[in-house]
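Participant: Predicted coordinates and the sequence they were generated for:
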Amino acid sequence: MKMYRILLFPFLLFFILILIVSCGKGDKPEPPQKKPTREELLVKNWDVVSVTSNNLAIEHSGFTIAFKSDGNFNFNTPGISGLPPSGTWAFSSDNVISLNGTIDIHVGELKANKFVFTYNSTSHKDTNVETEFTME
């Protein structure tokens, strides 16, 4: 029995020592990732996935929309009356982007992989037209 205690004591001491060493400070936690700003999310050459005008799908092949980090934009959106092909852009509020300081587009969703906005205009018959763009 005495022999058992003599062998058990160094084993327990060794086990406690390993336990203390392994429970050290460990790796430092990584700093939290910086959340991108809405401007950083917007700057991209977007692929147009769908376009609707007053909830009716319209042909959008060939449409291109690009927002650049220097505050310029390029749109190729033939048939969308009043939407400028190029110029400057800036957020005028949380959910509104001003194009050339005169035309507003309303942000519905803005994520790294998805951007939805609406553009309101008046048709040649003086009716309201709401055009929604969905891009990835």
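Facilitator: Received, thanks.
Participant: bridging residues for the residue nearest to Met135 when sequence neighbours are not counted?
Facilitator: Of all residues not flanking Met135 in the chain, Trp46 sits nearest, at 3.8 Å (C-beta to C-beta, 6 or more residues apart in numbering). Glycine gets a C-beta too; all of them are placed from N, C-alpha and C. Trp46 has these beta-bridge partners by DSSP bridges: Ile65.
Participant: Same check on Asp104?
Facilitator: Following DSSP bridges, Asp104 is listed with bridge partners Ser98.
Participant: contacting residues around it?
Facilitator: For Asp104, the contacting residues are 92, 96-98, 120, by C-beta atoms under 8 Å, 6 or more residues apart in numbering.
Participant: so after the lowest-mean-pLDDT helix or strand in the chain, what's the next helix or strand?
Facilitator: Ranked by mean pLDDT, DSSP states H and E, the weakest helix or strand in the chain is helix 2-22, scoring a mean of 64. The first helix or strand that comes after helix 2-22 along the chain, using DSSP states H and E, is helix 38-42.
Participant: by contact count, what packs against that next one?
Facilitator: Counting by 3 or more C-beta pairs under 8 Å, 6 or more residues apart in numbering; DSSP states H and E, the packing neighbours recorded for helix 38-42 are strand 86-93, strand 103-111.
Participant: Let me know the average pLDDT across it.
Facilitator: Average pLDDT, helix 38-42: 96.
Participant: Work out the gap between that helix and the centre of the chain.
Facilitator: Relative to its parent chain, helix 38-42 has a centroid offset of 7 Å by C-alpha atoms, centre = their mean, to the nearest Å.
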